[in-house]
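[1] any chance you can model this:
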Amino acid sequence: MAGSARGRRLQAPPGRSVRPTGDRVREAVFSSLESQGAVEGASVLDLFAGTGALGIEALSRGAASATFVDDDRAAFESVAANLAATGLGQQATVVRDDALRFLGRAGRFDLALVDPPYAFDAWAALLEALRAGVAVLESDREIEVGDRWRVLRTKRYADTVVTLALSTDSFSTD
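    Got it, this is the predicted structure:
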(Lines give C-alpha, C1' and ligand atoms only; values in the text may rest on other atoms or scores of the structure.)
Protein backbone atom coordinates (compact mmCIF):
# COMPACT_ATOMS: atom_id res chain seq x y z
CA MET A 1 0.00 0.00 0.00
CA ALA A 2 1.03 3.56 -0.66
CA GLY A 3 -0.58 6.86 0.24
CA SER A 4 -2.59 7.24 3.44
CA ALA A 5 -2.82 3.45 3.97
CA ARG A 6 0.94 2.93 3.55
CA GLY A 7 2.24 -0.15 5.32
CA ARG A 8 -1.18 -1.63 6.14
CA ARG A 9 -1.56 -5.38 5.71
CA LEU A 10 -4.88 -6.46 4.22
CA GLN A 11 -6.90 -9.45 5.33
CA ALA A 12 -7.65 -12.08 2.65
CA PRO A 13 -10.86 -14.10 2.69
CA PRO A 14 -10.33 -17.35 4.62
CA GLY A 15 -10.54 -20.60 2.67
CA ARG A 16 -10.81 -18.88 -0.70
CA SER A 17 -8.23 -18.85 -3.42
CA VAL A 18 -7.99 -15.08 -3.81
CA ARG A 19 -5.22 -13.85 -6.10
CA PRO A 20 -4.46 -10.35 -4.84
CA THR A 21 -2.52 -8.10 -7.18
CA GLY A 22 1.14 -8.22 -6.20
CA ASP A 23 2.89 -5.17 -4.76
CA ARG A 24 5.14 -4.71 -7.81
CA VAL A 25 2.23 -4.86 -10.25
CA ARG A 26 0.04 -2.61 -8.10
CA GLU A 27 2.82 -0.01 -7.78
CA ALA A 28 3.45 -0.02 -11.55
CA VAL A 29 -0.27 0.28 -12.33
CA PHE A 30 -0.84 3.17 -9.95
CA SER A 31 2.32 5.00 -11.01
CA SER A 32 1.02 4.89 -14.58
CA LEU A 33 -2.48 5.97 -13.56
CA GLU A 34 -1.21 8.82 -11.41
CA SER A 35 1.04 10.09 -14.20
CA GLN A 36 -2.14 10.48 -16.28
CA GLY A 37 -4.10 12.14 -13.47
CA ALA A 38 -6.55 9.24 -13.39
CA VAL A 39 -6.67 8.67 -9.60
CA GLU A 40 -6.90 11.99 -7.73
CA GLY A 41 -10.56 12.85 -7.16
CA ALA A 42 -11.80 9.87 -9.21
CA SER A 43 -14.86 7.72 -8.70
CA VAL A 44 -13.45 4.18 -8.76
CA LEU A 45 -14.95 0.75 -9.37
CA ASP A 46 -13.06 -2.26 -7.94
CA LEU A 47 -14.78 -5.12 -9.77
CA PHE A 48 -14.09 -8.68 -8.52
CA ALA A 49 -12.73 -6.90 -5.43
CA GLY A 50 -11.35 -9.91 -3.50
CA THR A 51 -9.41 -8.20 -0.67
CA GLY A 52 -10.23 -4.74 -2.00
CA ALA A 53 -6.51 -3.97 -2.43
CA LEU A 54 -6.88 -2.12 -5.74
CA GLY A 55 -9.75 0.11 -4.66
CA ILE A 56 -8.16 0.75 -1.26
CA GLU A 57 -4.93 1.71 -3.02
CA ALA A 58 -6.91 4.17 -5.17
CA LEU A 59 -8.60 5.70 -2.11
CA SER A 60 -5.27 5.85 -0.31
CA ARG A 61 -3.84 7.80 -3.26
CA GLY A 62 -6.62 10.38 -3.37
CA ALA A 63 -9.62 8.90 -5.19
CA ALA A 64 -12.86 10.56 -4.07
CA SER A 65 -14.87 7.35 -3.76
CA ALA A 66 -14.74 3.65 -4.52
CA THR A 67 -17.34 0.97 -5.10
CA PHE A 68 -16.19 -2.58 -4.35
CA VAL A 69 -18.08 -5.45 -6.01
CA ASP A 70 -17.64 -9.17 -5.36
CA ASP A 71 -20.21 -11.96 -5.26
CA ASP A 72 -18.35 -14.03 -2.65
CA ARG A 73 -19.52 -13.54 0.95
CA ALA A 74 -16.04 -14.01 2.44
CA ALA A 75 -14.56 -11.48 0.01
CA PHE A 76 -17.36 -9.03 0.81
CA GLU A 77 -16.56 -9.35 4.53
CA SER A 78 -12.81 -9.01 3.93
CA VAL A 79 -13.27 -5.81 1.92
CA ALA A 80 -15.41 -4.34 4.71
CA ALA A 81 -12.81 -5.30 7.34
CA ASN A 82 -9.94 -3.90 5.26
CA LEU A 83 -11.78 -0.62 4.72
CA ALA A 84 -12.36 -0.34 8.47
CA ALA A 85 -8.70 -1.14 9.22
CA THR A 86 -7.47 1.54 6.82
CA GLY A 87 -10.00 4.15 7.92
CA LEU A 88 -11.27 4.57 4.35
CA GLY A 89 -14.76 3.12 4.80
CA GLN A 90 -16.58 6.46 4.67
CA GLN A 91 -15.51 6.91 1.03
CA ALA A 92 -16.56 3.40 0.02
CA THR A 93 -19.56 1.34 -0.96
CA VAL A 94 -19.29 -2.46 -0.76
CA VAL A 95 -21.69 -4.46 -2.94
CA ARG A 96 -22.17 -8.22 -2.91
CA ASP A 97 -23.31 -9.02 -6.44
CA ASP A 98 -22.39 -10.72 -9.68
CA ALA A 99 -20.14 -8.41 -11.72
CA LEU A 100 -22.18 -8.47 -14.93
CA ARG A 101 -25.49 -8.06 -13.09
CA PHE A 102 -24.04 -5.09 -11.19
CA LEU A 103 -22.76 -3.46 -14.39
CA GLY A 104 -26.23 -3.79 -15.91
CA ARG A 105 -27.54 -1.20 -13.46
CA ALA A 106 -24.39 0.72 -12.48
CA GLY A 107 -23.66 4.28 -13.41
CA ARG A 108 -20.43 5.64 -14.81
CA PHE A 109 -17.06 5.57 -13.04
CA ASP A 110 -13.94 7.53 -13.81
CA LEU A 111 -11.69 4.51 -13.23
CA ALA A 112 -12.46 0.78 -13.25
CA LEU A 113 -10.06 -1.76 -11.74
CA VAL A 114 -11.07 -5.19 -13.06
CA ASP A 115 -9.29 -8.28 -11.71
CA PRO A 116 -11.45 -11.39 -12.21
CA PRO A 117 -10.34 -14.97 -11.61
CA TYR A 118 -8.06 -16.15 -14.42
CA ALA A 119 -10.75 -18.59 -15.61
CA PHE A 120 -13.08 -15.66 -16.38
CA ASP A 121 -14.05 -15.67 -20.05
CA ALA A 122 -16.90 -13.14 -20.36
CA TRP A 123 -14.61 -10.21 -21.20
CA ALA A 124 -16.64 -9.12 -24.24
CA ALA A 125 -19.87 -8.81 -22.24
CA LEU A 126 -18.09 -7.13 -19.35
CA LEU A 127 -16.36 -4.54 -21.53
CA GLU A 128 -19.59 -3.82 -23.38
CA ALA A 129 -21.42 -3.17 -20.09
CA LEU A 130 -18.61 -1.30 -18.30
CA ARG A 131 -19.04 2.49 -18.16
CA ALA A 132 -15.75 4.06 -17.15
CA GLY A 133 -13.31 6.55 -18.59
CA VAL A 134 -10.25 4.40 -17.90
CA ALA A 135 -10.06 0.67 -17.19
CA VAL A 136 -7.27 -1.46 -15.78
CA LEU A 137 -7.82 -5.09 -16.80
CA GLU A 138 -5.89 -7.95 -15.18
CA SER A 139 -5.84 -11.42 -16.70
CA ASP A 140 -3.56 -14.34 -17.49
CA ARG A 141 -3.71 -13.39 -21.19
CA GLU A 142 -4.09 -10.37 -23.44
CA ILE A 143 -7.67 -9.13 -23.63
CA GLU A 144 -9.42 -8.18 -26.88
CA VAL A 145 -11.08 -4.92 -25.82
CA GLY A 146 -13.42 -4.36 -28.77
CA ASP A 147 -14.48 -1.08 -30.35
CA ARG A 148 -15.55 0.74 -27.17
CA TRP A 149 -12.02 0.76 -25.77
CA ARG A 150 -8.58 1.82 -26.94
CA VAL A 151 -5.57 0.04 -25.45
CA LEU A 152 -3.05 2.51 -24.08
CA ARG A 153 -0.63 -0.09 -22.80
CA THR A 154 -0.35 -3.82 -22.16
CA LYS A 155 2.36 -5.24 -19.92
CA ARG A 156 3.10 -8.76 -18.68
CA TYR A 157 4.26 -9.32 -15.10
CA ALA A 158 5.10 -13.04 -14.77
CA ASP A 159 1.69 -14.76 -15.14
CA THR A 160 -0.36 -11.53 -15.03
CA VAL A 161 -1.14 -9.37 -18.06
CA VAL A 162 -2.25 -5.82 -17.26
CA THR A 163 -4.08 -3.83 -19.92
CA LEU A 164 -4.70 -0.11 -19.51
CA ALA A 165 -7.59 0.99 -21.74
CA LEU A 166 -9.37 4.26 -22.45
CA SER A 167 -13.06 4.40 -23.29
CA THR A 168 -13.88 5.64 -26.78
CA ASP A 169 -17.47 6.44 -25.75
CA SER A 170 -18.62 9.89 -24.90
CA PHE A 171 -20.80 9.91 -21.82
CA SER A 172 -23.33 12.39 -20.64
CA THR A 173 -23.51 13.23 -16.96
CA ASP A 174 -27.31 13.44 -16.91
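[2] so what's the residue most central in space within the chain closest to, chain neighbours aside?
    Central residue of the chain (C-alpha atoms, centre = their mean): residue 113, 2.1 Å from the mean position. With C-beta to C-beta, 6 or more residues apart in numbering as the criterion, residue 113 has its nearest non-adjacent residue at 4.0 Å, and that residue is residue 54. Bear in mind the C-beta positions are built from the backbone N, C-alpha and C, glycine included.
[3] what's the spacing between that neighbour and residue 81?
    16 Å (C-beta to C-beta, to the nearest Å).
[4] kindly report the same for residue 140.
    In terms of C-beta to C-beta, residue 140 sits 28 Å off from residue 81.
[5] more crowded one of these two?
    Legend: neighbour count by other C-beta atoms under 10 Å for residue 140 and residue 81, higher for residue 81 (16 against 13).
[6] wait, is the more buried one part of a strand?
    No: with DSSP: H, G, I helix; E, B strand; the rest coil as the criterion, residue 81 is helix rather than part of a strand.
[7] which stretches of the protein form helices?
    Along the chain, counting by DSSP state H, helices occupy 23-35, 53-60, 73-86, 99-105, 123-129.
[8] so for residue 43, which of these sits nearest?
    Of all these, helix 53-60 sits nearest to residue 43, with 9.8 Å by C-beta to C-beta.
[9] now do the contacts for residue 67.
    By C-beta atoms under 8 Å, 6 or more residues apart in numbering, residue 67 lies in contact with 43, 44, 45, 46, 55, 92, 93, 94, 95, 106, 109.
[10] which residues of this structure score low on pLDDT?
    1-22, 170-174 (pLDDT under 70).
[11] kind regards, and thank you for your time.
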